[in-house]
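> build the 3D model from these lines:
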Amino acid sequence: MTTQVIQAQSQKNPFSDFLQFWGDIKAIAGSYWYPTKPGERAFSDAIRSWATLILLILLIIGLVGTTAYNSFVNRYLVDSLIQDRDYSKFINILITNIVVLVCVTLLAGFTKFIRKQIALDWYKCLNNQILDKYLSNRAYYKINFQADIDNPDQRLSQEIEPVTTNALNFSATFLEKALEMVTFLIIVWSISQNIALILLAYTVLGNLIAVYLNQELTKINQEELSFKADYNYALTHVRNHAESIAFFQGEDQESNILERRFIKLLKNIERKIGWERSLEIFSRGYQSVIQIFPFLVLAPLYIRDEIDFGQLGQAALACNLFAIALGELITQFGIAGQFSSYVQRLSEFSDALENITKQAEDASTIKTIEENHLAFEHVTLQTPNSEQVIVEDLSLSVQPGEGLLIVGPSGRGKSSLLRAIAGLWNAGTGRIVRPTLKDVLFLPQRPYIILGTLREQLLYPKTNRQMTDAELKDVLRQVNLQNLLSRIDGFDTEVPWENILSLGEQQRLAFARLLVTHPRFTILDEATSALDLKNEASLYQQLQATKTTFISVGHRESLFDYHQWVLELTQDSSWQVLTVQDYRNQKITQNSTDNTGITKDSLPNQNQLERLSQKAISEGLSHKEMAELTFYSIKTIRSKASKGESINARDGFTYRYDKDTHVLKWIRV
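Residues are numbered from 1 along each chain as shown. Got it, this is the predicted structure:
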């Protein structure tokens, strides 16, 4: 994708590239220098920035004027020593020269200081604006579906500051060197018009060559930014998935991936070095010619006494300073190529964030209604690109305090429905009724572990909540993390949590947030997948005790014990809603028919169920009889018996296994 974009850009008209560049500059600079929209910079801040900019311009003008004046002081200094041979006059002019040099030094220092202060203030403002767009309307999430926007984190962290710094450096240097060139050209004109005219023609020719050289450097710089971003992302990917790579012993494959990306970057840098070499040779040679030819032209005039030595020296100095100014200007045009790459990528990123925000506001097709319950009303959900229908015409309502379990084959949209509830996906039709998101807590399969202390982990996302250490310890105990405090120094300790906590511990920590926040609605996406059945049972029982309304996604058979309803999604985008008991009955019928040829008629009928239920009161049931009375396999029945877990049977009663050696039967609770 990146290569195609760069190739397309290289085929553009240079004039259109120039217009696009200045259009991007205007878009980026406008909010800082010309705030017109609500929420942008305060007018007083903009006035202060303009005042600082005017001060910078005045300092640059003062610096150039003082430097030009110093060329005359040097001329008179030489004349007083060589022609006048007047020591007192020489001393006076020398003192003046020292004062002027001090002024030049101070002006140069303050000019750079003011320039960097403006760049820093602009960087702060621009970073806040882009970051605000990035975090608004969940753009940070939706930008991942924009295939042409690569590495948004690097664009934020590494590509905003160079825009402001290079913009101020280029603008200030351009103004300073352009004024110097005009000033010294006037000085040379006053001495020799022929030299001035030759300098002017030579400058035009040199700039045309420099423009050609810099155009190719601009393309190389654009590729370099993309290759650096890809290489940096690959390194970050290795760090984030270090444990998985270590388990798979995938070092060789990762090394190959990193090497491929690094080779692309290396080849680009080699090309850049070659072009920079050509530009440096041209710039140095260009300056050398300017410094030599005044002597060739003016030396005969000095020999014939048509000009004095001070004029010869001043002309040579003016041409030398003219050459230095022109060389720096050419260098700045080379840097501007990289600067334009930063500007283009930042403008592209900013526009993408704005478009995502507009889509969130104007283009939403699934309507979200905020009320005090959860419901789907004729919802047809599609993938974000609207290419595939995930669920079609879904209508159901989850009653307060109840639990809905979403099941179905992998990849059929179970997690996608949760994204739709959260407003992350909205492609499709229909309405989703839900409470405000502040009343909903989402627990994903891979819990989000923030960069912060243990206290902040537990209180997230409302870290300003006040809870005592004793209360937090009780919460940790409830989720079986009471030993966590023995591994750290306290609740206000900040450590790399993702490295020291297992996935199961992270899932329990996420459940602890539930016990802290007491949400009225909870969404769980395989939130106990890394836990053993005992911990899972404990957490879901506490969840039920909170009287929260919850929706779960999961595959475990044990999850049926904690929900009242099952939503099954199928391969053909259809769905069905059943009670847990009816769903289990349906599945055991299907499994029996598919695996053994047993029909529904051969399953225990109502009379047999009543007989088993009565036997459970009088004698207790064996594992096999308990399997007949439930929807579980004998293996699962035995597992639950060994762990002391209770079971809800088909007759509506709850049973537990009595481990007394004289009983060893399932009895009704």
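> which strand or helix spans the residue nearest to Glu526 when sequence neighbours are not counted?
Of all residues not flanking Glu526 in the chain, Gln445 sits nearest, at 4.1 Å (Cβ to Cβ, 6 or more residues apart in numbering). Where C-beta positions appear, they are placed from N, C-alpha and C, glycine not excepted. Taking DSSP states H and E as the definition, Gln445 sits outside all helices and strands.
> residues in contact with Gln445?
Asp525, Glu526, Ala527, Ser529 (Cβ atoms under 8 Å, 6 or more residues apart in numbering).
> right, and the first one touches Leu441 too?
It stands for Asp525. No. Checked against Cβ atoms under 8 Å, the pair Asp525 and Leu441 is beyond contact range at 11.8 Å.
> pick the one among the contacts of Gln445 closest to Lys462.
Here the nearest of the contacts of Gln445 to Lys462, counting by Cβ to Cβ, is Ala527; it sits at 19.2 Å.
> return the distance of stretch 94-107 from the chain's centre.
49 Å (Cα atoms, centre = their mean, to the nearest Å).
> scratch that, stretch 159-179 is what I was asking about
Worked out by Cα atoms, centre = their mean, stretch 159-179 lies 27 Å from the chain centre.
> got it, and stretch 137-147?
9 Å.
> coming back round to it: and the residue nearest to Glu526, how far from Arg260?
Noted for Gln445: a distance of 31 Å to Arg260, by Cβ to Cβ, to the nearest Å.
> picking that back up, kindly write the PyMOL command that selects the buried subset of the contacts of Gln445.
The buried residues among the contacts of Gln445 can be selected in PyMOL (16 or more other Cβ atoms under 10 Å) with this line:
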select buried, resi 525+526+527+529
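> all strands for the stretch 1-150 of the chain, in order.
Applying DSSP state E, counting those that start in this stretch to the stretch 1-150 of the chain gives no strands.
> give me the element the residue sitting nearest the centre point of the chain is part of.
With distances taken as Cα atoms, centre = their mean, the residue of the chain nearest its centroid is Asp153 (3.2 Å). When elements are assigned from DSSP H and E, Asp153 belongs to helix 152-158.
> what ranges do the helices span in the stretch 1-150 of the chain?
2-10, 14-33, 43-82, 87-135, 139-142 (DSSP state H, counting those that start in this stretch).
> just send the ones you listed back as CSV, with distance to Lys473, mean neighbour count and mean pLDDT too.
Formatted as CSV, the helices of the stretch 1-150 of the chain follow (distance: least, Cβ to Cβ, whole Å; neighbours: other Cβ atoms under 10 Å; pLDDT from 0 to 100):
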stretch, distance to Lys473, mean neighbour count, mean pLDDT
helix 2-10, 52, 12, 40
helix 14-33, 48, 15, 68
helix 43-82, 47, 17, 85
helix 87-135, 33, 16, 87
helix 139-142, 34, 18, 79
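> adding distance to Leu559, write those helices out as a markdown table.
Shown next, in a markdown table, are the helices of the stretch 1-150 of the chain (distance: least, Cβ to Cβ, whole Å):
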| stretch | distance to Leu559 |
| --- | --- |
| helix 2-10 | 44 |
| helix 14-33 | 50 |
| helix 43-82 | 55 |
| helix 87-135 | 34 |
| helix 139-142 | 27 |
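> Pro519 touches Asp439, doesn't it?
Yes. Using Cβ under 8 Å, Pro519 is in contact with Asp439, at 6.2 Å.
> remind me which residues of the stretch 101-250 of the chain are low pLDDT?
For the stretch 101-250 of the chain, the stretches with pLDDT under 70 are 145-148, 207, 211, 214, 243-244, 247-248.
> check contacts around Asp45.
Asp45 makes contact with Pro35 under the criterion Cβ under 8 Å, 6+ apart.
> would you map the strands across the stretch 501-650 of the chain?
According to DSSP E, counting those that start in this stretch, the strands that the stretch 501-650 of the chain contains are 521-525, 549-553, 565-569, 575-579, 647-648.
> any idea which of those is most buried?
Compared across the strands of the stretch 501-650 of the chain, strand 549-553 shows the largest average neighbour count, a mean of 25 (mean count of other Cβ atoms under 10 Å).
> where's Phe322, which helix or strand?
Assigned by DSSP H and E, Phe322 falls in helix 309-362.
> gap between the most far-flung residue of the chain relative to its centre and Met181?
Farthest-out residue of the chain from its mean C-alpha position, per Cα atoms, centre = their mean: Arg304, at 71.2 Å. Distance from Arg304 to Met181, counting by Cβ to Cβ: 29 Å.
> cool, Tyr212 as well?
From Tyr212 across to Met181, the span is 20 Å (Cβ to Cβ).
> the two: which is more packed in?
Using other Cβ atoms under 10 Å as the criterion, Tyr212 and Met181 rank with Met181 on top: 21 against 9.
> which residues touch the more buried one?
By Cβ under 8 Å, 6+ apart, the contact list for Met181 reads Thr203, Phe322, Ala325, Leu326, Leu329.
> ok, now with 7 Å
Met181 makes contact with Phe322, Ala325, Leu326, according to Cβ atoms under 7 Å, 6 or more residues apart in numbering.
> kindly report the domain assignment for the protein.
Domains of the chain are assigned by automatic domain parsing as 28-362, 368-580, 604-668.
> isn't Ile617 up against Arg668?
Yes. If you go by Cβ atoms under 7 Å, Ile617 and Arg668 touch, sitting 6.0 Å apart.
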